[in-house]
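Colleague: Predicted model and sequence below, questions to follow.
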Amino acid sequence: MNKTENQDKVIICCDCGGTFIWEKGEQEFYRDKGFTAPRRCPSCRAYLKRKIRESERAREVQNG
């Protein structure tokens, strides 16, 4: 692990343009799971998840 991986990082959200902190512990979790760095802030991620769930429910209703 290099020195920059031991520090919190400031990331700019690709959706809203706001900044958020990607904490050291989160970085370790992402690395352990093989995930890439987040591109969206927690608020935008939650919004996107909510919209996906709503879309899936609408499809279920349409398909009976």
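Modeller: Okay, I see it. Residues are numbered from 1 along each chain as shown.
Colleague: C-alpha only now, for contacts and for neighbours.
Modeller: OK.
Colleague: roughly how far out does the one helix or strand R57 maps to sit from the chain middle?
Modeller: R57 belongs to helix 42-63 when assigned by DSSP states H and E. Centroid separation for helix 42-63 versus its chain: 15 Å, with CA atoms, centre = their mean, to the nearest Å.
Colleague: Can you mark which positions in that helix are buried?
Modeller: Buried residues in helix 42-63, defined by neighbour count with 16 or more other CA atoms under 10 Å: C44.
Colleague: With stretch 10-22 instead?
Modeller: Neighbour count says stretch 10-22 has 11-13, 20, 22 buried, by 16+ other CA under 10 Å.
Colleague: Of these, which belong to helices?
Modeller: Here DSSP state H is the test, and the buried residues of stretch 10-22 give no hits in helices at all.
Colleague: Mind putting the residues you listed into a markdown table with distance to A46 and pLDDT?
Modeller: Below are these laid out as a markdown table (distance: CA to CA, whole Å; pLDDT from 0 to 100):
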| residue | distance to A46 | pLDDT |
| --- | --- | --- |
| I11 | 17 | 98 |
| I12 | 16 | 98 |
| C13 | 13 | 98 |
| F20 | 14 | 98 |
| W22 | 16 | 97 |
